[in-house]
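Asks: using only what follows, build the 3D model:
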Amino acid sequence: MIAYGWQRQREMRMKYPQLKNFWIIAITVTCLHGCSVTSPAHESDAAISELSGENLDLLFATEFPVASKDEALAKAAKSYRAGELDKAQFFLVSALKFDKGDADVLAQIGYLHVQKDDSLLAARAFRYALQQSPGHAVALEGMGLLYFKVGNDAEAQKHLESALESGAHLWRSHNVLGVIADRQENFDIAQSHYDTALEMQPMADAELINRGYSKYLNENYHAAELDFRAVIERGGNDKAWRNLGLVYAAQGWYEDALEAFLQVGDERDAYNATGEVAMENGDIQEALYFLTEAVRLSPTYFALAEKNLDQLQRNRSREYLN
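Replies: As a prediction, this is how the structure comes out:
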């Protein structure tokens, strides 16, 4: 993918699937290995041991004893609010020891491991929760988000839709289902999901940016601009500025696009990004200008702009030959 990936045509989106980066997903998960929900069940004691984490009992058990499940949950919540994730994990597992089949606690442990960037343990916790309660909405959502993050849209969609069937108000599920619908070019469905997510989280920049990007993909540029502008007016956001640049460039408003790109990048990147869109639009003279400026601004280190400029010149040569 070249530079920011400013391709606007749908065929370019298919060629460059990395364009998903212009959406915002409100989870941070890095990997998912061996996390099938259909894996064989484990004994409760083994599950507790697996989810405890290394040496947490040694660190906290003597200093922070708990006498009941409610006490453990209260201390877990207090630790989480204080940003003490290891301690919160210890208390949640302690609560689980009082009630080994509590799917709610297992789901909380899953989301705690998501926060700790441990996708493997997060998936195991969600899986244990689903073994206890197959229709558990929060655990289904957690698994769906993990599947989505590693690019398995089919499993993600299945789990997230199952989570919503419970009637739970899960804005993350709607947000991600909107992105999946956009990838499938089901823009009306995507808009419906984003609208529902925004009803639950009316001040959420992520959902508003995603809805605007969906409108951009559907070439509803004016409506897309309104969504991005709303985020910018609330304090700004890099993706909102970049996507606003896409909206302007898609309409051939290259100077406006350049100004938007300059809000979140240096000059060479902004000129290169604008030149790429002009090149994709078939506006050869404009593309030559912006790409040449990108090379001039950084002749030594910005090989990317030179590559784009070379590609543009080769394309022009082919046109003359034909």
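Asks: not counting its neighbours along the chain, what's nearest L226?
Replies: By the measure of Cβ to Cβ, 6 or more residues apart in numbering, the closest residue to L226 outside its immediate chain neighbours is G212, 7.6 Å from it. Placement of C-beta: from N, CA and C, glycine included.
Asks: what average pLDDT does the helix or strand that the one you found is a member of get?
Replies: Using DSSP states H and E, G212 falls within helix 205-217. Average pLDDT, helix 205-217: 96.
Asks: same question, stretch 81-95
Replies: On average, stretch 81-95 scores 91.
Asks: mind listing what's buried along it?
Replies: Burial within stretch 81-95, assessed by neighbour count using 16 or more other Cβ atoms under 10 Å, is assigned to 87-95.
Asks: burial count for the residue nearest to L226?
Replies: By other Cβ atoms under 10 Å, 28 other residues sit near G212.
Asks: ok, now which ones touch it?
Replies: For G212, the contacting residues are 223-228, 231, 240, 243, taking Cβ atoms under 8 Å, 6 or more residues apart in numbering as the criterion.
Asks: most widely separated two among the buried residues of stretch 81-95?
Replies: Considering Cβ to Cβ, no two members of the buried residues of stretch 81-95 lie farther apart than K87 and A95, which are separated by 12.9 Å.
Asks: what residues do those two have in common as contacts?
Replies: Joint contacts of K87 and A95 (Cβ under 8 Å, 6+ apart) do not exist.
Asks: spatially nearest residue to F91 (excluding sequence neighbours)?
Replies: For F91, ignoring the flanking residues on the chain, the nearest one in space by Cβ to Cβ, 6+ apart is A76 at 3.6 Å.
Asks: so which helix or strand takes in that neighbour?
Replies: Residue-wise, A76 maps onto helix 69-81 under DSSP H and E.
Asks: contact partners of that helix?
Replies: Contacts of helix 69-81 with the rest of the structure, by Cβ under 8 Å, 6+ apart, involve 64, 66, 85, 87-88, 91-92, 94-95, 98-99, 102, 105, 108, 112.
Asks: show me those that map onto helices.
Replies: Secondary structure defined by DSSP state H assigns 85, 87-88, 91-92, 94-95, 98, 105, 108, 112 of those to helices.
Asks: how many residues are close by the closest residue in space to L85 that isn't next to it in sequence?
Replies: Nearest residue to L85, sequence neighbours excluded (Cβ to Cβ, 6+ apart): K116, at 5.6 Å. Applying other Cβ under 10 Å, we find 16 residues neighbouring K116.
Asks: same question for the one 10 residues further on.
Replies: Other residues near F126 come to 31 when the count uses other Cβ under 10 Å.
Asks: returning to what we had before: okay, the residue nearest to L85: pLDDT?
Replies: The per-residue pLDDT reported for K116 equals 90.
Asks: under the pLDDT cut-off, which ranges of this protein? List them.
Replies: Along the chain, the parts satisfying pLDDT under 70 run over 1-63, 300-306, 313-322.
Asks: domain parsing for it?
Replies: Domain segmentation of the chain under automatic domain parsing yields 1-23+173-322, 27-168.
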